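J.: Sequence and predicted structure below; questions after.
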Amino acid sequence: MCIILTCEPFARPDFEVVEDCFYANPDGGGLMWCEDGRVQIAKGFADSQSLFDAIESAPIESRLVIHMRIATSGGIGIGTCHPFPICDRLEALHAPNVECDAALAHNGVIAGMPTNNELEISDTISFVQLVVNGLYSNKGITKGVCRKIKRCAPGNRFAIMTSDGTVYRLGKGWETVTKGIYASNSSWAWSSASWGNYETSSGNNGWSEWSYQSNDSWLSGSWSNESWDSYYDPDYRAIFDTNCGNCESKDACMSFGPACRFIQDCVDDWYISCESYVA
């Protein structure tokens, strides 16, 4: 699901918050800020300390958007880290350092977007190229454009920064971390102590073996230790089809009841975006 942190001028997360976010979203970090009338992007940070150092180097008087990724499509690499300049040029979208007029960070999975792991094209990159760039080119970033972006990706969350320093937070579910800092989901409050031992293995999008603590209180009700087939609500299968896209853990989630750490976010997004269907 990834996480976005938006920070007002002079508000910055402490290292523990960045470390916890990165632990839960370990597939690369990035940030953007406004300087000299341009949005500046720096991304491809592989650990919490290097990202935190970059955060401290950004101008304190600028708003700041920070993103930490957990890969679902497009592979793992600098090019698929967020934020992305709003354009259709893949070279610019992949660039580790770029300045632009507007840029976007995303939390969620956008169903129906073409993806390609070999070319490092994620659902977000395709969405920027095929949807957001056209809307932005016509009108710039306006409230009307923001409404259209939300309608094109229901249940997802975005942070868009423009060259005048404005930050638009789109989508429901934003949380207050502390005064002036907002998070796109609750994984800012998840630490390694809460999740047990995480071991990454290549070729598995950073998902591997989780050694959960004996107290599985993070699982709610019917999810705990029940196989997917025994769960009584068939609508939840659609949650995975809609929100999990090409995630390589999808089959495991479907088999183990599910194993995904972000099931509650998926459930919340599903009910937000599809209330009439579920009802």
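T.: Here it is on my side, so go on. Residues are numbered from 1 along each chain as shown.
J.: When you work out contacts or count neighbours from here on, use the C-alpha atoms and nothing else.
T.: Noted.
J.: need the next SSE after the host helix or strand of Val65, C-terminal direction.
T.: Per DSSP states H and E, Val65 falls inside strand 64-68. Later in the chain than strand 64-68, the nearest helix or strand by DSSP H and E is strand 84-85.
J.: From the contact counts, what lies against that following strand?
T.: With contacts defined as 3 or more CA pairs under 8 Å, 6 or more residues apart in numbering; DSSP states H and E, strand 84-85 has these neighbours: helix 90-94, strand 97-100, strand 102-107.
J.: for the record, mean pLDDT for the helix or strand following the last one?
T.: Put plainly, it is strand 102-107. Of the helices and strands lying after strand 102-107 in sequence (DSSP H and E), the nearest is helix 123-127. Averaged across helix 123-127, the pLDDT comes to 96.
J.: Equivalent analysis for stretch 147-156, please.
T.: 92.
J.: One more: stretch 7-14?
T.: Mean per-residue pLDDT for stretch 7-14: 97.
J.: Can I get it in PDB, CA atoms only?
T.: This file holds the C-alpha atoms of stretch 7-14, laid out as PDB (Å, rounded to 0.1, in the frame of the first residue of the first chain):
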ATOM      1  CA  CYS A   7       4.700  18.100   6.100                       C
ATOM      2  CA  GLU A   8       3.900  21.700   6.500                       C
ATOM      3  CA  PRO A   9       6.700  24.300   6.600                       C
ATOM      4  CA  PHE A  10       8.900  23.800   9.700                       C
ATOM      5  CA  ALA A  11       7.300  20.500  10.500                       C
ATOM      6  CA  ARG A  12       9.400  17.400  10.000                       C
ATOM      7  CA  PRO A  13       9.100  13.800  11.200                       C
ATOM      8  CA  ASP A  14      11.600  12.500  13.700                       C
END
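J.: Counting neighbours, which bits of that stretch end up buried?
T.: For stretch 7-14, a neighbour-count test (16 or more other CA atoms under 10 Å) marks Cys7, Glu8, Ala11, Arg12, Pro13 as buried.
J.: got it, and stretch 92-100?
T.: Those buried within stretch 92-100 under the rule 16+ other CA under 10 Å are Ala92, Leu93, His94, Ala95, Pro96, Val98, Glu99, Cys100.
J.: right, and the fifth one touches Thr80 too?
T.: Which is Pro96. No. With contacts counted by CA atoms under 8 Å, Pro96 stays clear of Thr80, the gap being 9.7 Å.
J.: Beyond the helix or strand containing Val17, next helix or strand please.
T.: Secondary structure from DSSP H and E places Val17 in helix 15-24. Where DSSP H and E defines the elements, the next helix or strand beyond helix 15-24 is strand 29-35.
J.: what residues does that next one touch?
T.: 22, 39-47, 51, 55, 58-59, 62-69, 81-83, 103, 161-165 (CA atoms under 8 Å, 6 or more residues apart in numbering).
J.: Tell me which strands the next helix-or-strand element following it pairs with, and in which orientation.
T.: Using DSSP H and E, the next helix or strand after strand 29-35 towards the C-terminus is strand 38-45. Its sheet considered, strand 38-45 pairs with strand 29-35 (antiparallel), strand 97-100 (antiparallel) by DSSP bridges.
J.: Mind giving me the packing neighbours of the helix or strand following strand 38-45?
T.: With elements assigned by DSSP H and E, the helix or strand that comes after strand 38-45 is helix 48-57. Other elements packing on helix 48-57 under the criterion 3+ CA pairs under 8 Å, 6+ apart are helix 15-24, strand 29-35.
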